[in-house]
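[1] what shape does this take:
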Amino acid sequence: MRSRINAAFRLLMHARMLMAGVTLLVLAVRGLTWATFIMVLCVALLSWLVARHVDRIVPRLLDHPLLVALDLCVCFAVLGVCGPSGPFFLSTVATAAAAGLLYRWQGMLIVSVVQIAGYFVTFGYAASRGDAGTFQELAGQPAYYPLAGFAGVALRRMFEDHAAVEDARLSAEVAAAAAEERARLAREMHDSLSTTLRGVALAAAALPAWIRNAPERAEREAARLAAATETASREARGLLTGLRDTTVTTGLPDAVHAAAGGWAARTGVALHTEIADDADLPLWQRHEVLAILGEALANVERHARAGKATVRLVRAAGEVVLTVRDDGRGFRTGPLESFARDGHYGLVGLHERAERAGGTVLVSSEPGAGTTLVVRVAADQTGRLAEVS
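    Numbers count the residues shown, from 1 in each chain. Here you go, the predicted structure:
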């Protein structure tokens, strides 16, 4: 809300600058003295400085409301010289709107009363010089001060209501994200860790029979059992890491940058990143894409023996595309079933994660030619998040 208040206050200061410029043009036609020119110019420069440094000045005005009294003195001194019938009157009205914006009802009423009193003083001074005022100047124009103040108060209330709606929306999104996260953890434990452990249990149960009847086959099955156990351990660590990970709550570009940078610093592999700021996704898709990135980089570290790698995240044709490429030793690709039979569940998990995110994954590799992984996820999917909320 503070940023909106600052923006509205800056707009009011710009309006004062404009009115000061119009005042100088009008006085140039009627006859402009150096004293009047300097006074109006000071108001314009003061308004410009406040608009330029509004982020620092508004908090001081809120902490020290008496600073507004200095502005009122300067403005009504200029109004006394220019006369209440001139365009500079609108500059003082902008001050009333700013008071309503900053100080709500009580502060606005105090400022409006002071402005009305100051206005009648300047009106009396103009009348003493022989400038006969009209009824509009005597009775109508002072009413603009509380009216502008009310407008400032209404604008602030609108900002507060909008902020309350935003807070409620963010709370709903957090609740929806928490529900989605619980569902994701249960799904991953069932689809990955539970499946792997079930395979380990079945293989362990059959191992004694293989030892008695086919020792060579038993040796191969024991090696696969060890690999599957390592996979289950890695999946369990991944789930625990996911529970502690907070990067998923940031935007996908920042999260990918943080994950890739941390991996490069830890492994020492030269990494080139190309990350587009607009390549973001909803939370439920974001987690799956980050998990795919983490698994892909882990594979580069464990198996590729790469000297350099590239992580690219872009938005193209309504899709967010993540590409992970390395110059390592590569491998011969094949059907997913063959990797699962050999106890290598990593590629299977990557495809499952991509499907859960509503996307696809393509892995291309040849021995000695490195590996390229490309994930494509539609960027406009919101239905699943809506179901959770």
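[2] go ahead and confirm residue 50 touches residue 11.
    No - applying C-beta atoms under 8 Å as the test, residue 50 and residue 11 come out as separate, 11.6 Å apart. Every residue, glycine included, has its C-beta placed from N, CA and C.
[3] of these two, which one has the most company?
    residue 50 (22 against 14; other C-beta atoms under 10 Å).
[4] now that one, what are its backbone angles?
    phi -60, psi -40 (degrees, to the nearest 10).
[5] might you report the residue contacts of it?
    Neighbour list for residue 50: 9, 13, 57 [criterion: C-beta atoms under 8 Å, 6 or more residues apart in numbering].
[6] out of the residues you listed, name the ones that lie in helices.
    In helices, defined here by DSSP state H, the members of the contacts of residue 50 are 9, 13, 57.
[7] got those as JSON lines, with distance to residue 212, neighbour count and pLDDT columns?
    Output for the ones in helices among the contacts of residue 50, formatted as JSON lines (distance: C-beta to C-beta, whole Å; neighbours: other C-beta atoms under 10 Å; pLDDT from 0 to 100):
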{"residue": "9", "distance to residue 212": "85", "neighbour count": "22", "pLDDT": "83"}
{"residue": "13", "distance to residue 212": "90", "neighbour count": "22", "pLDDT": "84"}
{"residue": "57", "distance to residue 212": "86", "neighbour count": "18", "pLDDT": "85"}
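[8] give me the distance between residue 93 and residue 143.
    10 Å (C-beta to C-beta, to the nearest Å).
[9] one more: residue 208?
    98 Å.
[10] pretty sure residue 116 contacts residue 144?
    No - with contact defined as C-beta under 8 Å, residue 116 and residue 144 do not form a contacting pair (9.8 Å).
[11] helices along this structure, start to end?
    With DSSP H as the criterion, the chain has helices spanning 2-30, 34-52, 54-63, 67-82, 89-128, 135, 144-188, 195-213, 215-244, 252-267, 283-299, 336-341, 346-356, 383-388.
[12] mean neighbour count, those: which tops it?
    Between the helices of the chain, helix 283-299 has the highest mean count of neighbours, a mean of 22, where neighbours are mean count of other C-beta atoms under 10 Å.
[13] mind checking the pLDDT average for that one?
    The predicted model gives helix 283-299 an average pLDDT of 86.
[14] average model confidence for stretch 151-162?
    89.
[15] contacts for that stretch next, please.
    Identification of contacts with stretch 151-162 by C-beta under 8 Å, 6+ apart yields 1, 4-5, 8, 96-102, 104-105, 108.
[16] center of the protein - which residue?
    With distances taken as C-alpha atoms, centre = their mean, residue 251 lies nearest the centre of the chain, 7.1 Å away.
[17] show me what contacts that residue?
    residue 280.
[18] low-confidence bits of this protein, can you list those?
    30-32, 129-133, 135, 173-174, 177-178, 180-196, 235, 237-249, 334-346, 380-389 (pLDDT under 70).
[19] quickly list the domain ranges of it.
    Segmentation of the chain into domains, based on automatic domain parsing, reads 2-166, 249-389.
[20] among those, which is nearest residue 226?
    domain 249-389 (8.6 Å; C-beta to C-beta).
[21] roughly how far apart are the residue lying closest to residue 218 once chain neighbours are set aside and residue 378?
    Leaving aside its chain neighbours, residue 218 sits nearest to residue 210 (3.7 Å; criterion: C-beta to C-beta, 6 or more residues apart in numbering). Distance, residue 210 to residue 378, using C-beta to C-beta: 46 Å.
[22] what's the answer for residue 230, then?
    Taking C-beta to C-beta, one finds residue 230 at 34 Å from residue 378.
[23] residue 168 too?
    Relative to residue 378, and taking C-beta to C-beta, residue 168 is found at 28 Å.
[24] so what's the residue lying closest to residue 272 once chain neighbours are set aside bridging to?
    Once flanking residues are discounted, residue 272 sits nearest to residue 310: 4.8 Å by C-beta to C-beta, 6+ apart. Taking DSSP bridges, one finds residue 272, residue 325 as the beta-bridge partners of residue 310.
[25] isn't residue 310 up against residue 275?
    No - using C-beta under 8 Å, residue 310 makes no contact with residue 275, being 11.2 Å away.
[26] returning to that earlier point: which of the contacts of residue 50 sits closest to residue 347?
    residue 9 (56.8 Å).
[27] tell me who's in contact with that closest one.
    So residue 9 contacts 50, 54, 58, 98, 101, 102 (C-beta under 8 Å, 6+ apart).
[28] now stretch 153-164 - C-alpha only, PDB.
    Taking C-alpha atoms only, stretch 153-164 is exported to PDB below (Å, rounded to 0.1, in the frame of the first residue of the first chain):
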ATOM      1  CA  VAL A 153      -9.100  10.300   2.200                       C
ATOM      2  CA  ALA A 154     -11.300   8.200  -0.200                       C
ATOM      3  CA  LEU A 155      -8.200   7.400  -2.300                       C
ATOM      4  CA  ARG A 156      -6.400   6.200   0.800                       C
ATOM      5  CA  ARG A 157      -9.300   4.100   1.800                       C
ATOM      6  CA  MET A 158      -9.400   2.600  -1.600                       C
ATOM      7  CA  PHE A 159      -5.700   1.700  -1.300                       C
ATOM      8  CA  GLU A 160      -6.300   0.100   2.100                       C
ATOM      9  CA  ASP A 161      -9.300  -1.900   0.700                       C
ATOM     10  CA  HIS A 162      -7.200  -3.000  -2.200                       C
ATOM     11  CA  ALA A 163      -4.300  -4.000   0.100                       C
ATOM     12  CA  ALA A 164      -6.700  -6.000   2.300                       C
END
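[29] burial count for residue 269?
    For residue 269, using other C-beta under 10 Å, the count is 20.
[30] on that earlier part again, can I get the domains of the chain in JSON lines with distance to residue 175?
    JSON lines is the format used below for these (distance: least, C-beta to C-beta, whole Å):
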{"stretch": "domain 2-166", "distance to residue 175": "15"}
{"stretch": "domain 249-389", "distance to residue 175": "7"}
